[in-house]
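> can't give you the sequence, but here's the structure:
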Ligand code: G6P
């Protein structure tokens, strides 16, 4: 996803901007560029591809100057190319912009501008903003930005400079995130804090519908209507140390290994006297009379929602529906005021999840956010927030955030079950004890990587891998399949085991890999039947099963063991071998594991 960095101060801007863009590489991008103000003009350098290509250009033709903006682009309008890379400028070259998100009415704006004789050099929606600025400019960049933003609808962040006002950067936030980093005699701007964490830890958040004027002396924030805003700065807890790989070959592997600690962190301080979330105070009291829970999310967070549904239904007896946010927002859902909506999102910035969450709220639902990022848009939108405390997740494929979401959901379900009188103290105490044991159990799965490396050799040549399970094991199968396809690019499909006979069995042939998750005891016998069916067609069966389960050896060619736990919690452990299987397969295939092709960490456009 696109990244923005800005700088005004005494240092050479090029250096700071390139460094910041490096820190944002993990978000995924396909081109990069800089604009730096110097001697009455603003010079631009940009290149398709990874940052090194831009650096090669900058080596030949450096950009001197002490104020500038930089961008990594993830293509939406127009293919990845030098031409479409940001920054974009107007026809005089005096106004330059970088932009995240989408200008929804850009086609109409573009034809209007073309009608007025403006020539376009790219296919991007961003370029209209540069031309609009030039047209609206009457001596004050901030006013021009204000007027341009009023005309451009959509969810985006815009950062602009002009050669006519060097030393000044103006940024507007229309949903897409932007922060200001404060230094001594220097000021930074970024779409994400890690971009500038090496320079400062003091931040101001720019909120939706606000404009910030950034100079080396700091930032002045006001609303789109021109009302000044007093914003207190805060100190970020994350430093760049914690976003380094810490000796692991990839961020993904590091994050997989952090999971035992993450489980403990998510639980940390949230259980008192055997009671989950006893300290959490809900703004309007416990939603004990809630009639329905809606869980909405995308990607891995959606899979966390599938597990959450069973937890809420079993522990709190509330009918629960899980919906992809991009479907929910357009489905005219029957969300009413006696409902609770749980929006689940690692980043808290996924555009669809935010939109679905807002819709639920408009319909009178209470909104609860389960997210990893403090101060994220979703967190600020919600009535209540439960943070997952998984720490920064850099790998595009989500791992530790997923486990933390499952733990968080279990805590919420226990709390709700208690207030509704559904889950008794004994049952709660047992589950809480079991939750506490999961850190050690997850660490046991991680202790020996050899089985995964060996199996990777068998999966790497496959063209399709099928993942099956029943009940909660089906949710685990979905997450396992997603991990494999995301990073290895091998086609992987998950289905409830009972569905095999209704179509997919036709594809199972000699040697077809079938990964089965076999932890749900009430459905175990049924799952074995499905395994016998695929086995009879020659499938190579890999099972994820509990330690001590001997029956599975009769049908599975390979077994990946997880320690026994309560069936309701087994997805927390089952995820770990599935992540490692995907990781080692992708590694054997030499894939770009942390930044898989075509994918982005945080999808802040629809
Ligand atoms: C992207 C990421 C996934 C993630 C999904 C939802 O597709 O690549 O890993 O699961 O977005 O992101 P969120 O931040 O809302 O959990």
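That came through fine. Everything numeric in this text was worked out from a predicted model, so none of it was measured. Numbering: from 1, shown residues only.

> now the strands for the stretch 101-250 of the chain?
Using DSSP state E, counting those that start in this stretch, the strands found in the stretch 101-250 of the chain span residues 154-162, 169-174, 178-182, 187-190, 202-206, 210-215, 218-223, 228-229, 234-235.

> Out of those, the one nearest residue 508 is which?
strand 154-162 (43.4 Å; C-beta to C-beta). From N, CA and C alone the C-beta is placed, and that goes for glycine too.

> and that closest one, which strands flank it?
strand 95-103 (antiparallel), strand 169-174 (antiparallel) (DSSP bridges).

> Kindly calculate the angle that it makes with strand 210-215.
Orientation check (axes from the mean of the first three to the mean of the last three C-alpha atoms, to 10 degrees): strand 154-162 against strand 210-215 gives 20 degrees.

> Under the pLDDT cut-off, which ranges of the stretch 201-350 of the chain? List them.
Applying pLDDT under 70 to the stretch 201-350 of the chain picks out residues 238-244, 246.

> tell me which parts of it are close to the ligand?
298, 299, 300, 301, 345, 346, 347, 350 (C-beta under 6 Å from any ligand atom).

> Ok, the stretch 351-500 of the chain next?
Residues of the stretch 351-500 of the chain lying close to the ligand (C-beta under 6 Å from any ligand atom) are 353, 396, 397, 398.

> which helix in the protein runs the most residues?
Scanning the chain for the longest helix, with DSSP state H as the assignment, gives helix 425-446.

> Now do the buried residues in that helix.
For helix 425-446, the neighbour count (16 or more other C-beta atoms under 10 Å) marks 427-428, 431-432, 434-435, 438-439, 441-446 as buried.

> Just the pLDDT at residue 443, thanks.
Predicted confidence (pLDDT) for residue 443: 96.

> Pull the contacting residues for it.
Listed by C-beta atoms under 8 Å, 6 or more residues apart in numbering, the contact set of residue 443 reads residue 260.

> How far does stretch 203-220 sit from its chain's centre?
Mean-position distance between stretch 203-220 and its chain equals 24 Å (C-alpha atoms, centre = their mean, to the nearest Å).

> Need the distance between the two termini of that stretch.
Distance across stretch 203-220, first residue to last, is 13 Å (C-alpha to C-alpha, to the nearest Å).

> do stretch 443-451 as well
15 Å.

> from the chain's centre, how far out does it sit?
Distance, centroid of stretch 443-451 to centroid of chain: 27 Å (C-alpha atoms, centre = their mean).

> and if you look at stretch 12-27?
Worked out by C-alpha atoms, centre = their mean, stretch 12-27 lies 20 Å from the chain centre.

> Same check on stretch 71-79?
Counting by C-alpha atoms, centre = their mean, stretch 71-79 is centred 18 Å from the centre of its parent chain.

> Which residues does that stretch contact?
With contact meaning C-beta under 8 Å, 6+ apart, stretch 71-79 is reached by 1-5, 21, 24-25, 27-34, 51, 80, 84-87, 98-99, 102, 106, 122-126, 600, 605.

> hey, which of the strands paired with strand 154-162 is tucked in deepest?
Per residue and on average, the most neighbours among the strands paired with strand 154-162 fall to strand 95-103, with a mean of 28 (mean count of other C-beta atoms under 10 Å).

> how many other residues sit next to the residue of the stretch 351-500 of the chain found nearest the ligand?
Using C-beta to the nearest ligand atom, the point where the stretch 351-500 of the chain gets nearest to the ligand is residue 398, with a distance of 3.8 Å. When neighbours are counted by other C-beta atoms under 10 Å, residue 398 registers 28.

> surely it meets residue 346?
Yes: counting by C-beta atoms under 8 Å, residue 398 touches residue 346, with 5.6 Å between them.

> Name the residues contacting each of these two.
Contact criterion C-beta under 8 Å, 6+ apart; residues shared by residue 398 and residue 346: 300, 301.

> after whichever strand or helix holds residue 486, next one along is what?
Assessed by DSSP states H and E, residue 486 sits inside helix 472-488. As assigned by DSSP H and E, the chain's next helix or strand after helix 472-488 is strand 491-496.

> what's next to that following strand, contact-wise?
By C-beta under 8 Å, 6+ apart, the list of residues contacting strand 491-496 from outside reads 463-470, 474, 477-478, 480-482, 484-485, 504.

> Quick one: buried ones out of those residues?
Buried members of the contacts of strand 491-496, counted by 16+ other C-beta under 10 Å: 464-470, 474, 477-478, 480-482, 484-485, 504.

> least confident pick among these?
Lowest confidence among the buried ones among the contacts of strand 491-496: residue 504, with 92.

> quick revisit: for the strands paired with strand 154-162, which one sits closest to the ligand?
With C-beta to the nearest ligand atom, the closest approach to the ligand among the strands paired with strand 154-162 belongs to strand 95-103: 15.1 Å.

> Mind listing what's buried along stretch 141-158?
Buried residues in stretch 141-158, defined by neighbour count with 16+ other C-beta under 10 Å: 141-142, 144-149, 151-152, 154-158.

> Quickly check the residues you listed for the two that are furthest apart.
Taking C-beta to C-beta, the two most distant members of the buried residues of stretch 141-158 are 141 and 155; they sit 22.3 Å apart.

> related to what we said a few turns ago, out of the residues of the stretch 351-500 of the chain next to the ligand, which two sit at the greatest distance?
Greatest spatial distance among these (C-beta to C-beta): 353 and 397, at 17.7 Å.

> ranges for the helices of the stretch 451-600 of the chain?
Assigned by DSSP state H, counting those that start in this stretch, the helices in the stretch 451-600 of the chain fall at 472-488, 524-536, 570-588.

> Okay, and the beta partners of the closest residue to residue 188 other than its chain neighbours?
Spatial nearest neighbour of residue 188, excluding adjacent residues (C-beta to C-beta, 6 or more residues apart in numbering): residue 181 at 3.5 Å. Bridge pairing for residue 181 (DSSP bridges) gives the partners residue 188, residue 203.

> Near residue 181, how many other residues are there?
Residue 181 has 27 neighbours, counted by other C-beta under 10 Å.

> just to revisit the earlier point, quick check: which of the buried residues of stretch 141-158 has the minimum pLDDT.
Least confident of the buried residues of stretch 141-158 in the model: residue 155, at 74.

> which ones are touching the closest residue to it other than its chain neighbours?
Nearest residue to residue 155 in three dimensions, chain neighbours excluded: residue 175, at 3.7 Å (C-beta to C-beta, 6+ apart). By C-beta under 8 Å, 6+ apart, the contact set of residue 175 is 101, 155, 156, 157, 208, 351, 354, 377.

> For the fourth one, which residues are in contact?
With C-beta under 8 Å, 6+ apart as the criterion, the residues that contact residue 157 are 4, 99-101, 171-178, 191.
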